[in-house]
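Peer 1: Need a 3D model of the following:
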Amino acid sequence: MLVRKQTTTKILINVLEGKKFPQINMDILINSASKNKVLLHLLRVLDFQGSLREHQESSIRRVLKVVQILSKLLKEYDYAFFKLVKPITYVPADVDLLVKADQITKVTRDLMKLGYRIEVKDPYCITLMRGDSIIDLYVHPSLGGVVFLNGQGLLEHTCTKEFNGIEVRSVESYAEALAAASHAIYKERIYTLNDFFTVEEWASKKTIRLAQELGCEDALKAAINLNKKIRLGLLETPYKIPLPLWLAILAQKFQRDNLTRATSGSILKTLTNKRVGKLLKSKLTRETY
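Peer 2: Numbers count the residues shown, from 1 in each chain. Model (predicted):
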């Protein structure tokens, strides 16, 4: 059973990279791609036709429409999309934006004028919804009110990129690699092939320097180490980081990062929040995110 799971991940990587692969049950491959947040890329590579492909293509068009609206609305603001443009095609569950701290209130008001409502408001993130459209506005990416990545520092590394045929303001590729590693390791406790490809293709010496500057070296090192094992076919993905290791990495983060330590006072308040309790329980039990 273990060998088959490892083989599935290795085969999926080969397929996504356009290489030949042995016969495998398509349902298994699609299920793995879905859990690994690379489903649309797989369907396009295989030129897979049917309702699943149609649904994915429809979903990415809806995301694209939201991105276009936001790009026009926010052109005078200091912001950037992140976790959006990747070296692999996928449909994001929501649209994530980094916003200048002193502008987030105005941005929120502008979005509410478009019909969005505030669904969740954390110290460093506001989630807004309109129908099935979800937008997360970040000052800092955080977990339970505790900052794990300095969003304002990340916002200093922006550029113009292409997303499905349109120009968007995004974080630089080397910064996106760090965001992917930090999000997967610190917040989600799960590493997917989406993270694998982002770190493998976009991590560079600039990523290492930025990780040192923003206090995320441990997350980047962990991601690079996982990438080596995944490339060798030694790990199945999505890979769930063992709880003791995850807690040890978080402890190092608290010890070394002044911003994380300074925001740790939020823990007691958020632990009494039922939504946060469900979130923490989910991190202990779920297979993907």
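Peer 1: what's the span of stretch 228-241, first residue to last?
Peer 2: 15 Å (Cα to Cα, to the nearest Å).
Peer 1: Show residues contacting that stretch.
Peer 2: Outside stretch 228-241, the residues within contact range by Cβ atoms under 8 Å, 6 or more residues apart in numbering are 2, 5-10, 13, 32, 35-36, 185, 189-193, 196, 200, 222, 226, 249, 287-289. (Each C-beta comes from the backbone N, C-alpha and C, glycine too.)
Peer 1: do the same with stretch 161-172
Peer 2: Judged by Cβ under 8 Å, 6+ apart, the contacts made with stretch 161-172 from elsewhere in the structure are 60, 64, 67-68, 71, 79-82, 84-85, 98, 154-155, 157-160, 176, 179, 206.
Peer 1: Please indicate which of those are buried?
Peer 2: Among these, those classed as buried by neighbour count (16 or more other Cβ atoms under 10 Å) are 60, 67, 71, 79-82, 84-85, 98, 154-155, 157-158, 176, 179, 206.
Peer 1: So which of the residues you listed are in helices?
Peer 2: Within those, residues falling in helices by DSSP state H are 60, 67, 71, 154, 176, 179, 206.
Peer 1: what's the farthest-apart pair in these?
Peer 2: 60 and 206 (28.8 Å; Cβ to Cβ).
Peer 1: what are the C-alpha coordinates of the host helix or strand of residue 58, in PDB please?
Peer 2: Following DSSP states H and E, one finds residue 58 within helix 51-73. Written as PDB, here are the backbone C-alpha positions of helix 51-73 (Å, rounded to 0.1, in the frame of the first residue of the first chain):
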ATOM      1  CA  SER A  51     -18.000  17.900 -16.700                       C
ATOM      2  CA  LEU A  52     -15.000  17.900 -14.300                       C
ATOM      3  CA  ARG A  53     -12.900  19.900 -16.800                       C
ATOM      4  CA  GLU A  54     -15.800  22.200 -17.600                       C
ATOM      5  CA  HIS A  55     -16.300  22.900 -13.900                       C
ATOM      6  CA  GLN A  56     -12.600  23.700 -13.400                       C
ATOM      7  CA  GLU A  57     -12.500  26.000 -16.400                       C
ATOM      8  CA  SER A  58     -15.600  27.700 -15.300                       C
ATOM      9  CA  SER A  59     -14.200  28.200 -11.800                       C
ATOM     10  CA  ILE A  60     -11.000  29.700 -13.100                       C
ATOM     11  CA  ARG A  61     -13.000  32.100 -15.200                       C
ATOM     12  CA  ARG A  62     -14.900  33.300 -12.200                       C
ATOM     13  CA  VAL A  63     -11.700  33.800 -10.300                       C
ATOM     14  CA  LEU A  64     -10.300  35.700 -13.300                       C
ATOM     15  CA  LYS A  65     -13.300  38.000 -13.300                       C
ATOM     16  CA  VAL A  66     -12.800  38.800  -9.600                       C
ATOM     17  CA  VAL A  67      -9.100  39.500 -10.100                       C
ATOM     18  CA  GLN A  68      -9.900  41.900 -13.000                       C
ATOM     19  CA  ILE A  69     -12.400  43.800 -10.800                       C
ATOM     20  CA  LEU A  70     -10.000  44.000  -8.000                       C
ATOM     21  CA  SER A  71      -7.100  45.100 -10.200                       C
ATOM     22  CA  LYS A  72      -9.200  48.000 -11.500                       C
ATOM     23  CA  LEU A  73     -10.600  48.900  -8.100                       C
END
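Peer 1: Mind listing what's buried along that helix?
Peer 2: Neighbour-count burial for helix 51-73, counted by 16+ other Cβ under 10 Å, picks out 53, 56, 59, 60, 63, 66, 67, 70, 71.
Peer 1: Out of the residues you listed, which comes closest to residue 262?
Peer 2: residue 70 (30.1 Å).
Peer 1: Quick one: residues in contact with the helix holding residue 58.
Peer 2: Everything outside helix 51-73 that qualifies as a contact, by Cβ under 8 Å, 6+ apart, is 30, 39-40, 43, 81, 84, 89, 91-92, 95, 97, 110-111, 114, 132-133, 135, 163-169.
Peer 1: And it, how far out from the chain middle?
Peer 2: The gap between where helix 51-73 is centred and where its chain is centred comes out at 17 Å by Cα atoms, centre = their mean, to the nearest Å.
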